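Q: Please find the sequence and the predicted model below.
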Number of protein chains: 2
Amino acid sequence: MSTQARRERERAEREQAIITAARDLALAEGWDAVTTRRLAAEIEYSQPVLYSHFKGKDAIMAAVAVEGFAELADALTTARASAANARQAVADVAAAYVAFAEQRPAIYDAMFTLAVDLPFATQDVPTDLARGFAELAETVRPVAGDHDLETFTETFWSGLHGLVTLMRSNRLRRPGHDRRLAVLVDRFSR
Amino acid sequence: MSTQARRERERAEREQAIITAARDLALAEGWDAVTTRRLAAEIEYSQPVLYSHFKGKDAIMAAVAVEGFAELADALTTARASAANARQAVADVAAAYVAFAEQRPAIYDAMFTLAVDLPFATQDVPTDLARGFAELAETVRPVAGDHDLETFTETFWSGLHGLVTLMRSNRLRRPGHDRRLAVLVDRFSR
DNA sequence: CTCCATTTCCTAGCGCTGCTAGATATAGGA
DNA sequence: TCCTATATCTAGCAGCGCTAGGAAATGGAG
C-alpha cells in the first residue's frame, strides 16, 4: 500500500515543481516567457502532464499567486511587528508592501493584475489574502479615526497598489517614488 | 497633384478606421478579441495593410490609448469646471476619473495597464496625458497644503488608479466603492 | 513467472495568434 | 500604349494553449 503513498507524494512534488518553475521563469523573464512548452521542458515531462495537475496556464499562474499572497502577508506581519510605534508601523508596512511588489513584479502581477478569476474561487487564496488584508487593517486601525476600518483599509491598500502599478508601467517618474509614498502615509496617518 | 492629396487623405481615413475598429471591438469584447485578422476584416482590407500603418498590434493599442488620454483630459476638465467650490471639485474630478475608467475599461487598460512602452515614446501622448495630469494638479492645488504639488497630485492619482484597478479585478467588494472614493477624497482634501 | 487490466505518459496535431516574404494587381507618367 | 512604381493580397512561418489517441510502464491475479 505504500506504493500508492509514494505515488501521491511524487505527484505532489511534481506539482510543486511546476509552480516553482513557473514562478522562477516569470521572475526571470516575465510571464510572456512562461509557456507550457518551456514549463514542460523545465520539469522534464511532456506538455500534457501539466494539464493533469492544472486546468490550464491560468490555473498555474493562480497557484503562483497563492504562494505570493502568503509571502506578502508574512512580509507585512514582519514589518508591523518590528515598528517602534503606530505611526511608524504605517510607514514601515507601506514600505514593505512596495518593496515586495518591486522585488517580485511578476508575482505581484499574478496576484493583482493578471489571472483575474480563478484564484478567488478556491479556498486557499482568501485565507492568505485575508491575512495580508487583516495585517494592513491592524496597522491603520490606530489612525483610521471615525472611518469604517474595512473601507479605510481598502482605500489605503488601493493607494499602495496604485503607486506600485503606475510606477512599474513608467507612468510616474522614477525619482520621487519615496516622496509619493511619504505623502500617502502622511495622508493616511495624520 | 491632387491625386496624391486624395491618397494621403484616404490613407489617413483608413488609419483612423483601424483605430476606431480596435477601440470599438475592445470595448465590446475586450482586447483578447482584437486580433489582426478581425481588424483587417472590419476595415475590409487584408492583414498586411495594418502593418503599413502601425508597427504592430501594440502600436494600434497605443493609438487607442492616445485617444483615451484626450478623452480623459476632457472629462476631468468638464468636471472641474462645473464644480461649485474647490473641495467639491476634488470629489467631482475623482468621480469623473472613476466613471471614465468604469465606462471604458478596455481603453483604460490600454492607457495604464497594457501597451507599456510604445505610447510614451511618441510626442502625442505626453501632451494629452500632461493635460489630464495638469487638470488633476489644478484640482488638488487648493488642498495640497505644504506638499509639493506634483508629488501630491501623483499620489492622489495613484489612489484613484488603485481603486479603479482593484475594483475591476474583483479584489475589492463591489459595494463600498463609493465609500472608498469618499475616504480617498477626504484624505486628500482635508 | 506470466498474463491482463489499469494507470501513466508521450507523440502528434488542431486551431489560433502576430507577423512577413514574395507574387499580383492597380495606377500614373512618357 | 507601354513601362515603372506603388498598393495590395495570397500564402505561409513559427509560436501559442490545449487535447485526442496510442504507447509504455505498472500492479494484481492465476
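A: Thanks, I have the structure now.

Q: Please report the distance of the residue in chain A positioned nearest to DNA strand D from chain B.
A: Of all residues in chain A, residue A:56 sits closest to DNA strand D, at 2.8 Å by C-beta to the nearest atom of the strand. Yep, even glycine has a C-beta here, placed from its N, CA and C like the rest. Using C-beta to the nearest C-beta, to the nearest Å, we find residue A:56 at a distance of 14 Å from chain B.

Q: tell me the phi and psi of that residue?
A: Backbone torsions for residue A:56, taken as degrees, to the nearest 10, come to phi -180, psi -170.

Q: Residue of chain A closest to DNA strand C, please.
A: Residue nearest to DNA strand C within chain A: residue A:46 (3.3 Å; C-beta to the nearest atom of the strand).

Q: Just read off the phi/psi values of that residue.
A: phi -90, psi 160.

Q: Now it: closest residue in space, sequence neighbours ignored.
A: residue A:40 (5.7 Å; C-beta to C-beta, 6 or more residues apart in numbering or on different chains).

Q: The helix or strand hosting that neighbour near DNA strand C at all?
A: Per DSSP states H and E, residue A:40 falls inside helix A:36-43. No. Applying C-beta under 7 Å from any atom of the strand, one finds helix A:36-43 separated from DNA strand C by no less than 7.5 Å.

Q: residues making contact with that helix?
A: Contact with helix A:36-43 is made by A:14, A:17-18, A:21-22, A:25, A:46-47, A:49-50, A:57, A:60, as judged by C-beta atoms under 8 Å, 6 or more residues apart in numbering or on different chains.

Q: That helix: which residues count as buried?
A: A:36, A:39-40, A:42-43 (16 or more other C-beta atoms under 10 Å in any protein chain shown).

Q: Then stretch A:138-150?
A: A:138-140, A:143-144, A:147.

Q: Put the alpha carbons of the helix holding residue A:40 into CSV.
A: Written as CSV, here are the backbone C-alpha positions of helix A:36-43 (Å, rounded to 0.1, in the frame of the first residue of the first chain):
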residue,chain,number,x,y,z
THR,A,36,3.5,25.4,-21.4
ARG,A,37,6.3,24.0,-23.5
ARG,A,38,9.0,25.7,-21.5
LEU,A,39,7.4,24.6,-18.3
ALA,A,40,7.2,21.1,-19.5
ALA,A,41,10.9,21.1,-20.5
GLU,A,42,11.8,22.6,-17.1
ILE,A,43,10.2,19.8,-15.2
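
Q: related to what we said a few turns ago, among the buried residues of stretch A:138-150, which are in helices?
A: Among these, the ones falling in helices (DSSP state H) are A:138-140.

Q: Kindly present the residues you listed as TSV, with separate columns for pLDDT.
A: Below are these laid out as TSV (pLDDT from 0 to 100):
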residue	pLDDT
A:138	97
A:139	97
A:140	97
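
Q: Let me see the confidence value for the nearest residue to residue A:86 once chain neighbours are set aside.
A: Spatially, and ignoring its direct neighbours in sequence, residue A:86 is nearest to residue A:142 (4.0 Å; C-beta to C-beta, 6+ apart). Each residue has a pLDDT score; the one for residue A:142 is 96.

Q: now swap in the one 3 residues further on and tell me
A: The per-residue pLDDT reported for residue A:145 equals 92.

Q: any idea how far it is from residue B:38?
A: Distance from residue A:145 to residue B:38, counting by C-beta to C-beta, to the nearest Å: 52 Å.

Q: How far away from the center of its chain is the host helix or strand of residue A:12?
A: Using DSSP H and E, the element containing residue A:12 is helix A:2-29. The chain centre lies 20 Å from the centre of helix A:2-29; the measure is C-alpha atoms, centre = their mean, to the nearest Å.

Q: touching DNA strand C at all, it?
A: Yes. Using C-beta under 7 Å from any atom of the strand, helix A:2-29 reaches DNA strand C at A:7, A:11.

Q: between that helix and helix A:36-43, how many degrees?
A: Angle of helix A:2-29 versus helix A:36-43, following axes from the mean of the first three to the mean of the last three C-alpha atoms, to 10 degrees, is 120 degrees.

Q: what's the distance between residue A:188 and residue B:164?
A: Residue A:188 is 18 Å from residue B:164, by C-beta to C-beta.

Q: what do you get for residue A:133?
A: In terms of C-beta to C-beta, residue A:133 sits 19 Å off from residue B:164.

Q: Around DNA strand C, pick out the residues from chain A.
A: A:7, A:11, A:45-49, A:52.

Q: Would you show me how to pick out the buried ones of those in PyMOL?
A: Typed into PyMOL, the line below selects the buried ones among the residues of chain A next to DNA strand C, using 16+ other C-beta under 10 Å:
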select buried, chain A and resi 45
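
Q: Do you know the pLDDT at residue A:77?
A: On the pLDDT scale, residue A:77 gets 98.

Q: In the worst-scoring helix or strand of chain A on mean pLDDT, which residues are buried?
A: The helix or strand of chain A with the poorest confidence is helix A:2-29; it has a mean of 89 (mean pLDDT, DSSP states H and E). Residues A:14-15, A:17-19, A:21-23, A:25-27 are the ones in helix A:2-29 that count as buried (16+ other C-beta under 10 Å).

Q: Distance to residue B:170 added to those, as JSON lines?
A: Conversion of these to JSON lines gives the following (distance: C-beta to C-beta, whole Å):
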{"residue": "A:14", "distance to residue B:170": "31"}
{"residue": "A:15", "distance to residue B:170": "26"}
{"residue": "A:17", "distance to residue B:170": "30"}
{"residue": "A:18", "distance to residue B:170": "25"}
{"residue": "A:19", "distance to residue B:170": "23"}
{"residue": "A:21", "distance to residue B:170": "28"}
{"residue": "A:22", "distance to residue B:170": "22"}
{"residue": "A:23", "distance to residue B:170": "23"}
{"residue": "A:25", "distance to residue B:170": "26"}
{"residue": "A:26", "distance to residue B:170": "22"}
{"residue": "A:27", "distance to residue B:170": "25"}
